[in-house]
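Chemist: Need a 3D model of the sequence below.
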Amino acid sequence: MGKKVTLGLIGLGGRGIGLLKTVFLHHEDVEFAVVCDVYEDRCQEAAELIEKSGRPRPQTTLDYKDILKMEHVDAVILCTSWENHLNLAIEFMEAGKYVGCEVGGAYTVQECWKIVEAYERTRVPVMLLENCVYGRDEMMVYHMSEMGVLGTIVHCEGGYKHDLRDEVAFGRENRHYRLDNYIHRNTENYPTHELGPIAKVLHINRGNRMLTLTAMASRAAGMKEYIKNNKADDEVLMNTEFRQGDVVNTIITCANGETILLTLDTTLPRYYSRGFTVQGTKGMYFEDNQSLFIDGEEHAKDHFEWKKHWGNVEEYREKYEHPVWKKYMAEGIKEGHGGMDWLVFCDFVESVQNQSEAPIDVYDLAAWMSISALAEQSIALGGQPVAIPDFTNGMWLRRK
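Modeler: Numbers count the residues shown, from 1 in each chain. The predicted structure follows:
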């Protein structure tokens, strides 16, 4: 048990309340002084959950600016809608409060530069709470890559492949921000789940960086079909044209020569996958069938009988499990997306306690989130290449 950290929680929709229930209230080192949302009923629900857990009932507010003035609040967690993440983060950094920012994509490159400039001006850290970086397989493959097991990494893939048609279609009823985004934007709108683990493998911002991207979007037909079959009584949506393409592919080039393919696929019927794939000169990992293919090993002879080796990642756990997950398994995995929500939150709390830099810092946040704004530009230009800014201003060459 360490030093107590006093938090403010802002944004109490599905993600905010979900994290409160499954993760935040189970951490011994945190107290919640205040909860905030633009909806009063959400504030009261969160306050009651905290009180029922045996902690003091927090203050509630509909205006986040109230929290800027609360000197006893050490840090804030932002679980708001995508469009509010960065501007809120900047205000809290300027107020001297550590920020834990939930994931999403940026709307403009300018806002990414603004948060970098805010950090360099205030030196108050912000951590992108990208839980997928802490996934068990993602960390194991990163560990294997660092050990050289996969050889020189050449290409990586990732995706957010998740049937969200119900969530999008009922956005008005559920007060969810995705609906407006799918009506008005056409982009890789949720890049960090897939890109985060890849960026760690490729040492992005730490000896490597992303240079350019090219993005292409398919037609938008999935939501129209879904609404016709499941919500035909909604006259407004029945007559709405969605801009968001059903499948968006974004190809990124890197300074060290690697390529990255990101795929957004959220408005067609499909199984869930983040499509995490790492290919090197000695082997590859493929998430969709949880398999490792390592050159020189017995299974590598079965190029055309590969199905019988699907799921073989379990054979490599003992040898290559990341030390963080070895310890975590021994202690007992907590709830929250298979345990990774707990790990990312623990790292954030530890950063606040130690007044240290965040493991997923402002330069990572800016680079990963900028992909949404840049992909939107590329799609609008018919797939033209777009330069990815160097948010480190050259520091990537020597950062560790």
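
Chemist: what's the span of stretch 25-37 from first residue to last?
Modeler: 18 Å (CA to CA, to the nearest Å).

Chemist: Could I get the average pLDDT for the longest helix along the chain?
Modeler: In the chain, with assignment by DSSP state H, the single longest helix is helix 362-380. For helix 362-380, the mean per-residue pLDDT is 98.

Chemist: in that helix, what's buried?
Modeler: For helix 362-380, the neighbour count (16 or more other CB atoms under 10 Å) marks 362-376, 378-379 as buried. All C-beta atoms are positioned from the backbone trio N, CA, C, and that covers glycine.

Chemist: what's near enough to touch the residue nearest to residue 296 when sequence neighbours are not counted?
Modeler: Among residues not flanking residue 296 along the chain, residue 282 sits closest, at 7.7 Å (CB to CB, 6 or more residues apart in numbering). Residue 282 makes contact with 148, 149, 150, 151, 294, 295, 296 under the criterion CB atoms under 8 Å, 6 or more residues apart in numbering.

Chemist: Okay, and the last one sits in which element?
Modeler: Counting by DSSP states H and E, there is no helix or strand that carries residue 296.

Chemist: where does it land on pLDDT?
Modeler: 86.

Chemist: go on, the third one?
Modeler: The predicted local distance difference test score for residue 150 is 98.

Chemist: That one against residue 144, yeah?
Modeler: Yes: Residue 150 is within contact range of residue 144, at 5.8 Å (criterion: CB atoms under 8 Å).

Chemist: Need the overlap of contacts for those two.
Modeler: Shared contacts of residue 150 and residue 144, defined by CB under 8 Å, 6+ apart, comprise residue 285.

Chemist: is it fair to say residue 80 lies in a helix?
Modeler: No: assigned with DSSP: H, G, I helix; E, B strand; the rest coil, residue 80 falls outside any helix and is coil.

Chemist: what sits against it?
Modeler: With CB under 8 Å, 6+ apart, residue 80 has these contacts: 10, 11, 88, 102.

Chemist: Count the residues that sit near residue 42.
Modeler: As a burial measure, residue 42 scores 20 neighbours (other CB atoms under 10 Å).

Chemist: now the closest residue to it other than its chain neighbours, what's its secondary structure?
Modeler: In this structure, residue 42 finds its nearest non-sequential neighbour in residue 12, 3.9 Å apart by CB to CB, 6+ apart. Taken by three-state DSSP, the conformation at residue 12 corresponds to coil.

Chemist: Could I get the phi/psi values of residue 12?
Modeler: phi -120, psi 40 (degrees, to the nearest 10).

Chemist: now it: how far from residue 36?
Modeler: 8 Å (CB to CB, to the nearest Å).

Chemist: Same check on residue 57?
Modeler: Counting by CB to CB - residue 57 and residue 36 are separated by 14 Å.

Chemist: Residue 328 too?
Modeler: 31 Å.

Chemist: Compare the two (neighbour count), which wins?
Modeler: More crowded of residue 328 and residue 36, by other CB under 10 Å: residue 36, with 26 against 21.

Chemist: Please name the residues that touch the more buried one.
Modeler: Counting by CB under 8 Å, 6+ apart, residue 36 touches 8-12, 43, 60-64, 66-67.

Chemist: Where does pLDDT dip in the chain?
Modeler: 1 (pLDDT under 70).

Chemist: hmm, 80 instead?
Modeler: Within the chain, the segments meeting pLDDT under 80 span 1-2, 300-303, 333, 335-337.

Chemist: How about the contacts made by residue 392?
Modeler: 205, 209, 363, 399.

Chemist: Can you get me the centre-to-centre distance for stretch 7-22 and its chain?
Modeler: Offset of stretch 7-22 from its chain centre (CA atoms, centre = their mean, to the nearest Å): 16 Å.

Chemist: List the buried residues of that stretch.
Modeler: Buried-residue list, stretch 7-22, by 16+ other CB under 10 Å: 7-13, 15-20.

Chemist: Weed out the non-buried ones from the contacts of residue 282.
Modeler: Buried members of the contacts of residue 282, counted by 16+ other CB under 10 Å: 149, 150, 294.

Chemist: give me phi/psi at the first one?
Modeler: In this case it means residue 149. The phi/psi pair for residue 149 (degrees, to the nearest 10) is phi -60, psi -40.

Chemist: Check the last one too.
Modeler: Phi and psi for residue 294, reported as degrees, to the nearest 10, are phi -120, psi 120.

Chemist: Distance check, it against residue 279.
Modeler: For residue 294, the distance to residue 279 - CB to CB - is 12 Å.

Chemist: Repeat that for the second one.
Modeler: Taking CB to CB as the measure, residue 150 falls 8 Å from residue 279.

Chemist: got it, and the first one?
Modeler: The gap separating residue 149 from residue 279 is 13 Å, by CB to CB.

Chemist: quick one, strands of the stretch 201-350 of the chain?
Modeler: 210-217, 247-254, 259-265, 277-280, 283-286, 291-294 (DSSP state E, counting those that start in this stretch).

Chemist: I'd like the ones you listed laid out as TSV, including distance to residue 388.
Modeler: Formatted as TSV, the strands of the stretch 201-350 of the chain follow (distance: least, CB to CB, whole Å):
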stretch	distance to residue 388
strand 210-217	4
strand 247-254	7
strand 259-265	11
strand 277-280	20
strand 283-286	25
strand 291-294	30
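
Chemist: what about these, which gets the closest to residue 136?
Modeler: Nearest of those to residue 136, taken as CB to CB: strand 283-286 at 12.3 Å.

Chemist: buried set for that closest one?
Modeler: Buried residues in strand 283-286 (16+ other CB under 10 Å): 283, 284, 285, 286.

Chemist: hey, what's the second one bridged with?
Modeler: It stands for residue 284. Residue 284 has these beta-bridge partners by DSSP bridges: residue 279, residue 293.

Chemist: Hmm, it is touching residue 300, no?
Modeler: No: the criterion here is CB under 8 Å, and residue 284 misses it with residue 300 at 10.4 Å.
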